[in-house]
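Novice: Just a sequence and a predicted model for now, questions to come.
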Amino acid sequence: MLQSARYTSHPFVYAAIMEAMRESWTDERLDDFRAETARRFDRVDESFDKVDVRFERLEARIDEKFDKVDARFDKVDARFERVDAKFDRVEERLEALNHTMLRLGAGAIVVFVVGFAGLLVS
């Protein structure tokens, strides 16, 4: 019971404090507060403007670096095209060698068959 009586007095105390604070905040003090707040936000805006400039510089540097990387990849692509052409020539040579080996193998088989048939007939 004592505790509930203790809490019921608080709203009246808070109301009295708020009323005293409201009376102490004159229009002049509110105008000063408004001006100081505006001044500080202006400083924040200036800081963000500086950050924006820094980001623009950074983006330009990043774009420049990526342009260099793209140029390097173009060179790598050209090299791979030359390598692909060399592999195509190697593949053609291997196919020609394969055909030659097949012809020689077929010729050897024909020679063996004819030779074996000659042995049988004689």
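Specialist: Nice, thanks for sending it over.

Novice: Quick one: mean pLDDT over the helix or strand encompassing F87.
Specialist: Per DSSP states H and E, F87 falls inside helix 27-121. Averaging pLDDT along helix 27-121 yields 92.

Novice: okay, now A38: neighbour count?
Specialist: Neighbour count of A38, defined by other Cβ atoms under 10 Å: 9. For every residue, glycine as well, the C-beta is placed using N, CA and C.

Novice: Use 48 as the first number from now on
Specialist: Sure, I'll start counting at 48 from here, so that last one is A85.

Novice: how close does it sit to D78?
Specialist: 11 Å (Cβ to Cβ, to the nearest Å).

Novice: now R150
Specialist: 106 Å.

Novice: And for I109?
Specialist: Note on I109: its distance to D78, by Cβ to Cβ, is 46 Å.

Novice: ditto for R140
Specialist: Look at R140 and D78: by Cβ to Cβ, they are 92 Å apart.

Novice: how far does the helix holding F134 sit from the chain's center?
Specialist: Centroid separation for helix 74-168 versus its chain: 15 Å, with Cα atoms, centre = their mean, to the nearest Å.
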